[in-house]
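1. Turn this into a structure:
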Amino acid sequence: MKKPSSLRRPLIIYPLAVNFAILIISFTIIIALAIRVDSGGRYTDEQMIPVIAAAIDRDETGQLSVAMTPELAELRSKSPRLWFVAEDDTGRSVSFGSVPRHYASFVGRLSDLSFAQLRDRHPPYKLAAVVRRQITDIGELTILGHGELSDLNLTVILASNVIVLPIFVLLALTSLLVTPWIVRRSLAGIHNIAREAEAIDANTRGHYLSENYAPREIAPLVSAINAALRRLDEGYERQKRFFGFAAHELRTPIAVLRGKVESAESQTTRALASDVQRLATLAEQLLDLQRLENHQHQERFDLAELTRKAVGELAPLIIADGQTIAVEVLANEPCFGDPSAIERVIMNLIQNAAKHGGQRIIVRVTGCSFEIEDDGAGIPPEERERVFEPFYRLRPSVTGSGLGLNLVQEVVTRHGGRVEILDAPGGGALVRVKLGGGHVRQTPSTAYDKG
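-> Purely as a prediction, here's the structure:
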């Protein structure tokens with residue numbers, strides 16, 4: 001079977017891959033534009049400006065002067081052709097080195113400038129110069145100078161790394177963290193719908209998936225599923241009405257047939273009585289299922305009294321077959337539910353034990369629980385779940401409708417209880433039914449036997 005594909009790849013992985021590709025391409029384009037591939041040539045390294053500014057001093061008359069600081073000396077050793085002009089905002093200036101005549105007209109007007117990169121057209125770029133304003137201890141200075149040349153490409157790349165790379169990393173982290181979060185929030189409605197779907201079973205008819213949680217793209221699927229659930233509910237209701245109507249209509253002809261069989265003179269005809277009884281039992285069980293759906297009468301009842309009543313009705317038939325039945329009330333308390341339905345559960349289990357068990361049946365009441373024990377062959381562990389399926393019989397040759405235990409489980413489940421099939425201590429089967437509870441009181445035991 002092919003493993004179902006996940007939405008994680010198209011909703012998270014693919015968008016993240018596209019985002020990263022776009023970021024990388026954008027990063028490359030920004031750097032390519034920044035380094036101005038078509039500009040060519042070298043430029044004056046502007047890192048010399050702070051060194052020059054630190055070497056400028058002002059005397060008592062306000063005139064500017066140049067002090068040969070160690071940093072300036074080192075800069076000059078690296079660039080023998082170093083020259084510069086420094087000017088304050090009052091027009092006072094000082095120069096150092098051989099200033100080209102091309103820049104003579106700048107002197108006295110440098111304070112009008114703040115930023116520039118100048119370069120002549122051909123190598124070795126002796127006229128390359130930089131203009132920068134610099135704040136110093138003696139005030140703001142505008143410096144025009146020529147020094148060591150550097151490739152602008154490297155400078156721009158370093159600057160781009162400082163500015164663009166953090167942005168790139170921030171966007172990448174945002175994509176990694178935010179995109180999955182957005183997708184999870186977008187799919188939260190689908191997870192809610194999945195939990196609702198898990199809660200729907202055969203006993204929760206009339207429950208549908210909430211279309212309020214469904215995203216617009218999933219809404220048609222949810223609507224289709226709800227429509228299918230409605231059709232199933234309608235089909236179930238039609239089937240339930242049919243079985244109820246059929247079972248009700250069968251009661252009259254079965255009663256007539258039973259009367260004719262019982263009054264027949266022919267022994268062969270009277271031998272059909274057991275088969276007619278099976279038909280009558282099947283019809284009653286089908287009606288029980290319908291009553292269970294439509295007429296649940298909830299009230300407090302005495303489980304011990306209900307048990308004694310059911311055993312009292314069945315005891316003559318059981319004793320007539322040479323079997324014994326006893327009731328043991330170990331503890332009793334008021335229970336809540338449908339007493340008539342619980343009575344049918346008790347009678348079904350007793351009849352089942354009488355039909356398939358041994359010679360001895362014990363009905364034991366403990367609070368709002370009871371168990372029925374027999375000394376027959378028991379039920380194999382692998383069959384203990386299947387015997388509750390409709391129309392399933394442990395032994396095909398055994399008579400019976402196969403609805404009794406299914407009806408028992410339906411009633412007990414609707415009362416919030418459960419049914420267990422265990423091995424009886426002395427051999428045989430022990431069917432334990434657990435219902436609701438109340439206050440415990442002790443009651444003496446009652447027994448019925450064949451004399």
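
2. For the chain, list the residue farthest from the centre, please.
-> Farthest-out residue of the chain from its mean C-alpha position, per CA atoms, centre = their mean: residue 61, at 81.1 Å.

3. Would it be right to say that that residue lies in a strand?
-> No - under DSSP: H, G, I helix; E, B strand; the rest coil, residue 61 falls outside any strand and is assigned coil.

4. Only alpha carbons, please: show stretch 322-332 as CSV.
-> Presented in CSV, the C-alpha positions along stretch 322-332 are these (Å, rounded to 0.1, in the frame of the first residue of the first chain):
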residue,chain,number,x,y,z
GLY,A,322,-32.7,-30.8,35.5
GLN,A,323,-30.5,-27.7,36.2
THR,A,324,-30.2,-25.6,39.3
ILE,A,325,-30.0,-21.8,39.7
ALA,A,326,-29.1,-19.7,42.7
VAL,A,327,-29.0,-16.0,43.5
GLU,A,328,-26.3,-14.6,45.8
VAL,A,329,-26.6,-10.9,46.8
LEU,A,330,-23.2,-10.0,48.3
ALA,A,331,-23.9,-6.3,48.3
ASN,A,332,-26.8,-4.1,47.0
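
5. Over to stretch 200-215 now: how far is its first residue from its last?
-> 21 Å (CA to CA, to the nearest Å).

6. What average pLDDT does it get?
-> Per-residue pLDDT values over stretch 200-215 give a mean of 75.

7. Tell me how this structure divides into domains.
-> 46-147, 200-295, 298-448 (automatic domain parsing).

8. any idea which of these is most buried?
-> domain 298-448 (a mean of 18; mean count of other CB atoms under 10 Å). Yep, even glycine has a C-beta here, placed from its N, CA and C like the rest.

9. Mind checking the pLDDT average for that domain?
-> Here the average pLDDT along domain 298-448 is 82.

10. Likewise for stretch 25-38?
-> pLDDT averaged over stretch 25-38 gives 64.

11. now swap in stretch 225-239 and tell me
-> The model assigns stretch 225-239 a mean pLDDT of 85.

12. separation between residue 93 and residue 358?
-> Between residue 93 and residue 358 the computed distance is 125 Å (CB to CB, to the nearest Å).

13. What of residue 308?
-> 22 Å.

14. residue contacts, the spatially most central residue of the chain?
-> In the chain, the centroid-proximal residue (CA atoms, centre = their mean) is residue 191; its distance is 4.6 Å. Listed by CB atoms under 8 Å, 6 or more residues apart in numbering, the contact set of residue 191 is empty.

15. Just want the phi and psi numbers for it.
-> Main-chain dihedrals, residue 191, degrees, to the nearest 10: phi -60, psi -40.

16. Correct me if wrong: residue 251 contacts residue 283.
-> Yes - with contact defined as CB atoms under 8 Å, residue 251 counts as touching residue 283 (5.6 Å).

17. how about the strands in the stretch 101-250 of the chain?
-> Using DSSP state E, counting those that start in this stretch, the strands of the stretch 101-250 of the chain run over 115-118, 129-136, 139-146, 149-151.

18. Pull the second one out as CSV, backbone CA atoms only.
-> Translated: strand 129-136. C-alpha atoms of strand 129-136 as CSV (Å, rounded to 0.1, in the frame of the first residue of the first chain):
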residue,chain,number,x,y,z
ALA,A,129,41.1,61.5,-3.9
VAL,A,130,38.4,61.3,-1.2
VAL,A,131,36.4,64.0,0.5
ARG,A,132,34.9,63.4,4.0
ARG,A,133,33.7,65.4,6.9
GLN,A,134,35.1,64.4,10.3
ILE,A,135,34.3,65.5,13.8
THR,A,136,37.4,66.2,15.9
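
19. Can you name every helix or strand that it contacts?
-> Secondary-structure packing of strand 129-136 (3 or more CB pairs under 8 Å, 6 or more residues apart in numbering; DSSP states H and E): strand 42-44, helix 48-55, strand 115-118, strand 139-146.

20. between these, which gets nearest to residue 81?
-> strand 139-146 (6.7 Å; CB to CB).

21. Sheet-wise, list the partners of that closest one with their directions.
-> strand 83-88 (antiparallel), strand 129-136 (antiparallel) (DSSP bridges).

22. Rebuild those strands as a markdown table, extending it with mean pLDDT.
-> Converted to a markdown table, the strands paired with strand 139-146 look like this (pLDDT from 0 to 100):
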| stretch | mean pLDDT |
| --- | --- |
| strand 83-88 | 94 |
| strand 129-136 | 93 |
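
23. With distance to residue 115 as extra columns, can I get these in TSV?
-> Shown next, in TSV, are these (distance: least, CB to CB, whole Å):
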stretch	distance to residue 115
strand 83-88	15
strand 129-136	6
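
24. one step back: make a markdown table out of the helices and strands packed on strand 129-136 and add mean pLDDT.
-> Formatted as a markdown table, the helices and strands packed on strand 129-136 follow (pLDDT from 0 to 100):
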| stretch | mean pLDDT |
| --- | --- |
| strand 42-44 | 80 |
| helix 48-55 | 93 |
| strand 115-118 | 89 |
| strand 139-146 | 94 |
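
25. Could you save those as JSON lines and add columns showing distance to residue 323?
-> Compiled in JSON lines, these are given as follows (distance: least, CB to CB, whole Å):
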{"stretch": "strand 42-44", "distance to residue 323": "113"}
{"stretch": "helix 48-55", "distance to residue 323": "113"}
{"stretch": "strand 115-118", "distance to residue 323": "113"}
{"stretch": "strand 139-146", "distance to residue 323": "118"}
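
26. Would you mind telling me which of the ones you listed is nearest residue 97?
-> strand 139-146 (8.0 Å).

27. Which elements pack onto the strand or helix carrying residue 327?
-> Assigning secondary structure by DSSP states H and E places residue 327 in strand 324-332. For strand 324-332, the packing partners by 3+ CB pairs under 8 Å, 6+ apart come out as helix 303-320, strand 360-367, strand 446-448.

28. and residue 130, which of these is closest to it?
-> strand 360-367 (98.0 Å).

29. Next, the angle strand 324-332 makes with the helix or strand just after the closest one.
-> Following strand 360-367 in sequence order, the next helix or strand is strand 369-374 (DSSP H and E). Here the directions of strand 369-374 and strand 324-332 differ by 160 degrees (axes from the mean of the first three to the mean of the last three CA atoms, to 10 degrees).
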